[in-house]
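Peer 1: sequence and predicted structure are below.
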Amino acid sequence: MNRKTVTIVLVAALVLAAISTFALLRNPNYGAQTSGSLCGVSLIQQITLPNASGRIDHMTVDSSGGKLFVAMLGNNSLAEVNLTQGAFVRSLQGLAQPQGVLFVPSANKLFVTNGGSGLVDIVDPNSLQVTNSVQLSSDADNIRYDSHGLVLVGYGFGGIAVLNLTTEKVTASVGLIGHPESFQLDRNDSKMFVNVPAGSYVAVVDRDTNSIISRWPLPSNVSANFPMALDEIHHRLFVGARLPAEVVVYDTLSGRVVDTISVGQGPDDVFYSPNGCLYVSSREGYTYVFSQTDPDHYKAGDNVFTGIGGGTSLLLPQLGRLYVAIPQNQSQPAEVGVYAAR
């Protein structure tokens, strides 16, 4: 092949590459996972927790401090784990069925919600001592931070309480017809999506006015909606239901159901990663992984046995880690399984 021919071939190859790149960049799904085989989890560590029977509920992480905090609902304590050493450090005792736990880095505050007392305890993460408590009517549960200096807590029968991060006082509330389960905050606007199992619907709340603006019913044969996750990029909401066990996918722009995904019994936590992976942990002991082939379709990937009762989990996409809490049983102590998530 002479020099002129080689030059023509090289130029043609460069033009073809440029056209292909341009086409990919124009594709709104560019960079998203397209195959279930690309999403998965693999065990890398098991961290033993102190001798504690009963349920384990939610977790939160202090990334800069390398700490994981675990709500040990069954023995009324909060466990602190050193993630660098992979070891239990200490516990805060004397809580009342702790359920939700939230670390706010900007304020260096740890919030713990108590189902037994309705208290929201504010904890110093350095000393692991309670510095203040906020009394709600009952059953303080799921908790979120909206990055505008507000902490939101689901409670009672039911409502969402709005706490000021600085004053640690309730400034507003949203009334609901029953106890709220998981809820998610859309950072694109002022919407909040709340699971209300008593009504078998998702309440759409305007956080600016603290009022319900819409109610999205579950499909007619579906009930017991507990966990929830949000894909803000593609405007998709994932609602985990237990009867039957499946994830209902909503378009958050229209409220319509675009897909339903079958999972194992007792889905307790759902997480979506910006790379297009969906993780569902269940009380039957499996974590189910799905890949978003496009916003309306999801392909099943790994079904990983993580441990009986391991319903609660925590995904940190930026670290590529999924933490799964496993309660104590007759053959093994309570533990946190640390999984590489892809």
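Peer 2: That came through fine.
Peer 1: drop to CA atoms for contacts and neighbour counts, all remaining ones
Peer 2: Fine.
Peer 1: tell me where the stretch 1-150 of the chain has helices.
Peer 2: In the stretch 1-150 of the chain, the segments counted as helices under DSSP state H, counting those that start in this stretch are 3-26.
Peer 1: try the stretch 151-300 of the chain
Peer 2: Taking DSSP H, counting those that start in this stretch, the stretch 151-300 of the chain contains no helices at all.
Peer 1: how about the strands in it?
Peer 2: 159-164, 170-175, 183-185, 191-196, 201-206, 211-217, 223-231, 236-243, 245-251, 257-262, 267-273, 277-282, 286-294, 297-305 (DSSP state E, counting those that start in this stretch).
Peer 1: any idea which of those strands is most buried?
Peer 2: Stretch with highest mean neighbour count among the strands of the stretch 151-300 of the chain: strand 277-282 (a mean of 28; mean count of other CA atoms under 10 Å).
Peer 1: check contacts around P267.
Peer 2: Residues near P267 by CA atoms under 8 Å, 6 or more residues apart in numbering: F226, P227, G240, A241, R242, A245, E246, V280, S281, S282, R283, G311.
Peer 1: how close does it get to I308?
Peer 2: For P267, the distance to I308 equals 12 Å [CA to CA, to the nearest Å].
Peer 1: mind listing what the residue positioned nearest the centre of the chain touches?
Peer 2: Centroid-nearest residue in the chain, with CA atoms, centre = their mean: F271, separated by 4.5 Å. By CA under 8 Å, 6+ apart, the residues touching F271 are M228, A229, L230, L278, Y279, V280, L314, L315.
Peer 1: let's go with 10 Å and repeat that
Peer 2: Residues counted as contacts of F271 (CA atoms under 10 Å, 6 or more residues apart in numbering) are 227-231, 238, 277-281, 289, 313-317, 322.
Peer 1: repeat that for G199.
Peer 2: Each residue near G199 by CA under 10 Å, 6+ apart is listed here: L176, I177, G178, H179, R215, P217, L218, S223, A224, N225.
Peer 1: L78 too?
Peer 2: 56, 59, 69-72, 90-95, 97-99, 101, 112, 128.
Peer 1: then T113?
Peer 2: T113 neighbours (CA under 10 Å, 6+ apart): 71, 95-102, 119-122, 133-136, 139-143, 153-155.
Peer 1: do you know the pLDDT at it?
Peer 2: Note on T113: pLDDT of 99.
Peer 1: what pairs with the residue nearest to it when sequence neighbours are not counted across the strands?
Peer 2: Among residues not flanking T113 along the chain, V120 sits closest, at 4.5 Å (CA to CA, 6 or more residues apart in numbering). Under the criterion DSSP bridges, V120 forms beta bridges with T113, V134.
Peer 1: could you give the number of residues near Q93?
Peer 2: For Q93, the tally of surrounding residues (other CA atoms under 10 Å) stands at 14.
Peer 1: and it, what does it touch?
Peer 2: Going by CA under 10 Å, 6+ apart, Q93 touches M72, N75, N76, S77, L78, A79, L128, Q129.
Peer 1: again with E284
Peer 2: E284 is in contact with G264, Q265, G266, P267, D268, F305, T306, G307, I308, G309, G310, G311, counting by CA under 10 Å, 6+ apart.
Peer 1: just the closest of those residues to Y298, please.
Peer 2: Within these, the smallest distance to Y298 is 15.7 Å, found for G264 (CA to CA).
Peer 1: for that closest one, give its distance to S282.
Peer 2: According to CA to CA, G264 and S282 sit 7 Å apart.
Peer 1: got any residues that touch both of the two?
Peer 2: With CA under 10 Å, 6+ apart as the test, G264 and S282 both reach R242, A245, Y288.
Peer 1: now for G264, how many residues are close by?
Peer 2: Neighbour tally, G264, other CA under 10 Å: 19.
Peer 1: report the separation between the residue nearest to it when sequence neighbours are not counted and P317.
Peer 2: With CA to CA, 6+ apart as the criterion, G264 has its nearest non-adjacent residue at 6.0 Å, and that residue is A245. Distance of A245 to P317, given as CA to CA: 25 Å.
Peer 1: isn't the residue nearest to T113 right up against F111?
Peer 2: Yes: using CA atoms under 10 Å, V120 and F111 qualify as a contacting pair, with a distance of 6.6 Å.
Peer 1: need the residues touching each of the two.
Peer 2: Common neighbours of V120 and F111, counting by CA under 10 Å, 6+ apart, are G100, V101, N132, S133, I143, V153.
Peer 1: tell me which of those is nearest to Q45?
Peer 2: V101 (22.3 Å).
Peer 1: what's the burial count for the residue lying closest to that closest one once chain neighbours are set aside?
Peer 2: Excluding its sequence neighbours, the residue lying closest to V101 (CA to CA, 6+ apart) is V112, at 4.5 Å. Residues lying near V112 (other CA under 10 Å) number 30.
Peer 1: from what I see, V112 and L128 are in contact.
Peer 2: No: using CA under 10 Å, V112 is not in contact with L128, being 11.3 Å away.
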